[in-house]
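*Asks:* heads up, no residue letters with this:
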Ligand SMILES: [Zn+2]
């Protein structure tokens, strides 16, 4: 049986209720104040599946992969730079005297 999320209008507490798909929100009793004024909250995963199922699932996956690659790619330059940059003691780059004497 599915678990539904409800929010009580009276005491404004949210709670979960395991009910049949035929259960109605107005029949659901709040476990805190026992009022039958709960509204059903749409679980996020259900709405996501409904929204993205047909058009963009593969695209989303590809996008996620690209993002992952970009993330890895973005992490590479600093690593390489760290290797190539000489220790801070022998910084010839920031020394104008040794740099100009070519
Ligand atoms: Zn309540």
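*Replies:* The structure has been received and is ready for your questions. Please read these numbers as outputs of a predicted model, since none were measured by experiment. Numbering: from 1, shown residues only.

*Asks:* Tell me how this protein divides into domains.
*Replies:* The record's domain parsing of the chain by automatic domain parsing lists 3-41, 54-85.

*Asks:* ok, and which of the ones you listed has the densest surroundings?
*Replies:* With neighbours defined as mean count of other C-beta atoms under 10 Å, the domains of the chain peak in mean count at domain 3-41, which reaches a mean of 14. Using the backbone N, CA and C atoms, a C-beta is placed for each residue, glycine as well.

*Asks:* average model confidence for that one?
*Replies:* Domain 3-41 shows a mean pLDDT of 93.

*Asks:* wait, does it contact the ion?
*Replies:* Yes: applying C-beta under 5 Å from the ion, one finds domain 3-41 touching the ion at 8, 10-11, 30, 32-33, 35.

*Asks:* Bridged to the nearest residue to residue 41 once chain neighbours are set aside, which residues?
*Replies:* Using C-beta to C-beta, 6 or more residues apart in numbering and skipping the chain neighbours, the partner closest in space to residue 41 is residue 5 (4.2 Å). Counting by DSSP bridges, residue 5 forms beta bridges with residue 16, residue 41.

*Asks:* from memory residue 5 sits against residue 18, does it?
*Replies:* No: in this structure, residue 5 is not within contact of residue 18 by C-beta atoms under 8 Å, at 10.9 Å.

*Asks:* ok, the residue nearest to residue 38 when sequence neighbours are not counted - contacts?
*Replies:* Nearest residue to residue 38, sequence neighbours excluded (C-beta to C-beta, 6+ apart): residue 6, at 4.0 Å. With contacts defined as C-beta atoms under 8 Å, 6 or more residues apart in numbering, the neighbours of residue 6 are 14-17, 25, 28, 30, 38-41.
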